[in-house]
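Asks: The following comprises the amino acid sequence and a computationally predicted model.
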Amino acid sequence: MKNKIKTIEEAVEYIKDGMVVAVGGFMGTGSPERLIDAVVAKGIKDLTLICNDTASPGKGVGKWITNRVIKKAIVSHVGTNPETGKQINAGELEADLVPQGTLAERVRAAGAGLGGILTHTGIGTVVEEGKQKITVDGKEYLLELPLKADVALLFGSIVDKKGNVYYKKATRNFNPIMATAADLVIVEAEKLVEVGELDATDVMTPSIFVDIIAQ
Amino acid sequence: MKNKIKTIEEAVEYIKDGMVVAVGGFMGTGSPERLIDAVVAKGIKDLTLICNDTASPGKGVGKWITNRVIKKAIVSHVGTNPETGKQINAGELEADLVPQGTLAERVRAAGAGLGGILTHTGIGTVVEEGKQKITVDGKEYLLELPLKADVALLFGSIVDKKGNVYYKKATRNFNPIMATAADLVIVEAEKLVEVGELDATDVMTPSIFVDIIAQ
Amino acid sequence: MIQDKDKKREIIVKRVAQELKDGDLVNLGIGMPTLVANYIPEGIDIMLQSENGFIGLGPTPKPGEEDKDCVNAGGQPASHVLGSAYFDSAMSFTIIRGGHLDMTVLGALQVDQHGNLANWMIPGKLVPGMGGAMDLVAGAKKVVIAMEHTAKGEHKILKKCTLPLTAEGEVDLIVTDMAVIEVTPKGLVLTELAPETTVEEVIAATEAELIVSENLKVMNV
Amino acid sequence: MIQDKDKKREIIVKRVAQELKDGDLVNLGIGMPTLVANYIPEGIDIMLQSENGFIGLGPTPKPGEEDKDCVNAGGQPASHVLGSAYFDSAMSFTIIRGGHLDMTVLGALQVDQHGNLANWMIPGKLVPGMGGAMDLVAGAKKVVIAMEHTAKGEHKILKKCTLPLTAEGEVDLIVTDMAVIEVTPKGLVLTELAPETTVEEVIAATEAELIVSENLKVMNV
């Protein structure tokens, strides 16, 4: 069995300036805080972030806003981090706001090898701009395209040494979807267990998606 | 709490001749055998079946083929049930063969309120026929449309009295997807437990999808 | 017309709660809609969805009893009730977009007589992002707007929204501190008045045209 | 040219197994491809996917030790190895279609010099359905065809498939009892010969044009 276990510092060596990085978590819950901190410490910059939100100033990817790690945020919500709005209004941060359900489907589509999905969400709003509209059975839909990352940073409540992941309660959110949609997937393990300790039926992200387990 | 628990016989009262019925299971594994039998016993006919396959003559929905319960099968595979092929060749059964991954996505799309999904699967094959082709980033995709049922018949390894479902091992297959894509969802419970016995994190089909628990 | 701010909120929230039916799955937006949970009628079993990934949202835990793994869609400490289920964001929006949510209750900046809703941004000022609001409004079976009838004297119920829309023609019901208004194909129908409120006051506080229902009642709150 | 049926199979299956790399996720089609699992090179950790919903397919259980909840994609009793994971059909095909499968090994009725594959139906005769084959061939990183070179003397490696296609231009490698043939943009390249087999025999048994590799070798089986 390939050894996927690395330290947090070794793991972030794979992240380079300018990459597209997907980060699990919802308002910071289920976010890989130690990986996020290590990216700040290493001075990585110009990342494009794919995440549900920009959390709050001291939490989750909120720390990347404060430390100006990212140049573009593809997120559904920035309202809980005043610093994000400030940087957007000052033209220092580019924001691509995506409806939350559409964000989930776009990331999933990339992971599932779909060329896109049709959603009614956003019809009649600014979300329509520049998108192809397709009518099915008399109802209008937007064609939303896949969204893929170079690296995904996830947080797993229980991770086995092969890379199978289990997410407790509301920490799951975007983590299992992002696991499918990045060239390199790094999971920060809250608890690392031996192979076999996670029941095969209960695994939420199969090991084949995970490249690095960060500890 | 609404009482969703009914007998197998009471449950199949909701199935009427001519309905579109989605049935969980893969070659019969994870199929609701008792519900399937009750449909045969009640003499229901002219159903349109959505299922991965037609199993084998004595197993799963294979019994519906033998007893001529269905007039149309929307499935990915019929090769393991010789009776299906015989009826198709004799013009007695209509078959709409769908690639397995496309079948999963079409049912999921119906459940998720998507107008369709783009897949590369089937390009250059007879699966293309009559379908819209859409090019994204220079690659051709087929637009595959949602597939919804009137009733879904599922098999749950552990079901709590509120209708939360857990599927063991390979019994999961199409069950959780079909749970989202029918007007009425009936789950045959292998084991019925009190509410709270299933950990909320481990639930695979949330109770809100389940209308009837058949026992 | 009710003047007291707290009393206004209470009326809105109590009246919205009356829309709940036994067995409903409901999503309550951040802010005032959240308070609807405190007025669920007795004998009615409601499950609340939290769009970050579960159904069965329970009361806010007491200080010291928080679980870092359980938060609501606002990122605040939360709990789950018996019979809950957690899932990922794709499933969360399968529920929302797929029409499995019986009702969503949201606030509004503006709503108009075509059922259009604007509640996610003020150009040049507020850019919070739409979060799950666009999916909720496009996907829920019933969209209820819970808000004060006017904002510092400015109309919020308009002939046509001027702010960027959240969704087009999806609003079903508007509940304010002054009235209950149904969105119908014919236009906005005034069906209930708040206590101590007159039809004239409602009309004056509404830019949109109102059809006064023949069965106009006073809210039972 | 090898005549013995069992020997033919063994050569094909052993040669295909040499394509496996440490850490690969592989899907083996029903029939002969399944046997590849018996020849996984030592020291190499492979996970097998079963498209009905898990990775970590293990050996067939002994009679009496079957688990009704664990079957393979053929519906036959199966087992899972340590470190496996079960999932639903949507995730199974996320893995397949999304390019997460390193290799799929499938049989063929016909394959042609453009990498087209026909393996799912014979019009008017055999209508089994495509099952997961179309997704596997369209989605796997590497598509390996494992088959006898001819069928009762009839060519199977053609200039152009005549049967309905499973996928267009997706085949990467053809392994038969006579040869290993790579599908390249230039055409089919004969890279290896089976033991006791000549280039002339392969050419005679192949309708498609073959480019004989400069580094032509004998299979190490």
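Replies: All right, it came through fine. Numbering: from 1, shown residues only, chains lettered A, B, ... in the order given.
Asks: Can you give me the neighbour number for residue 100?
Replies: Here I'm looking at chain A. By other CB atoms under 10 Å in any protein chain shown, 30 other residues sit near A:Q100. For glycine as for every other residue, the C-beta is placed from the backbone atoms N, C-alpha and C.
Asks: To clarify, I was referring to chain C.
Replies: When neighbours are counted by other CB under 10 Å, C:H100 registers 21.
Asks: so what's it closest to, chain neighbours aside?
Replies: Excluding the flanking residues, the one nearest C:H100 by CB to CB, 6 or more residues apart in numbering or on different chains is B:I208, at 6.2 Å.
Asks: Doesn't that neighbour lie inside a helix?
Replies: Yes. For B:I208, which was evaluated using DSSP: H, G, I helix; E, B strand; the rest coil, the result is membership in a helix.
Asks: Find me the pLDDT at the residue of chain A most remote from its centre, would you?
Replies: Checked against the mean C-alpha position of chain A, the extreme residue using CA atoms, centre = their mean is A:G138, at a distance of 34.2 Å. Here the pLDDT value assigned to A:G138 is 94.
Asks: ok, now C:I30?
Replies: At C:I30, the predicted lDDT confidence score is 86.
Asks: who are the neighbours in contact with C:A133?
Replies: A:99, C:29, C:106, C:119-120, C:166 (CB atoms under 8 Å, 6 or more residues apart in numbering or on different chains).
Asks: Let me know the secondary structure of C:T104.
Replies: At C:T104 the chain is in strand, as set by three-state DSSP.
Asks: Specify the beta-bridge partners of it.
Replies: Beta-bridge pairing of C:T104 under DSSP bridges involves C:N27, C:V143.
Asks: picking up where we left off before, out of the contacts of C:A133, which one sits closest to A:G25?
Replies: Of all these, the one sitting nearest A:G25 is A:P99; the distance, using CB to CB, is 18.1 Å.
Asks: what's the neighbour count on the residue of chain C found nearest chain D?
Replies: Of all residues in chain C, C:A90 sits closest to chain D, at 9.2 Å by CB to the nearest CB. When neighbours are counted by other CB under 10 Å, C:A90 registers 22.
Asks: Am I right that it sits in a helix?
Replies: Yes. Secondary structure assignment places C:A90 in a helix (three-state DSSP).
Asks: biggest strand in chain C, by residue count?
Replies: Secondary structure of chain C read by DSSP state E shows that its longest strand is strand C:210-218.
Asks: Can I get that strand in PDB? Just the C-alpha atoms.
Replies: What follows is strand C:210-218 as a C-alpha-only set of coordinates in PDB (Å, rounded to 0.1, in the frame of the first residue of the first chain):
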ATOM      1  CA  LEU C 210     -53.600  45.500  -4.300                       C
ATOM      2  CA  ILE C 211     -56.800  43.500  -4.900                       C
ATOM      3  CA  VAL C 212     -58.800  43.500  -1.600                       C
ATOM      4  CA  SER C 213     -60.100  40.000  -1.000                       C
ATOM      5  CA  GLU C 214     -63.900  39.600  -0.600                       C
ATOM      6  CA  ASN C 215     -63.000  37.500   2.500                       C
ATOM      7  CA  LEU C 216     -60.700  40.000   4.100                       C
ATOM      8  CA  LYS C 217     -60.000  39.000   7.600                       C
ATOM      9  CA  VAL C 218     -57.900  40.100  10.600                       C
END
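Asks: mind listing the helices for the chain?
Replies: You didn't pick a chain, so chain A it is. Ranges of helices within chain A are A:8-12, A:33-42, A:62-66, A:82-89, A:100-112, A:175-178, based on DSSP state H.
Asks: that's the wrong chain, I wanted chain C
Replies: C:5-17, C:89-97, C:133-139, C:199-204.
Asks: B:I5: which of those is closest?
Replies: Comparison of the helices of chain C against B:I5 by CB to CB identifies helix C:89-97 as nearest, at 23.0 Å.
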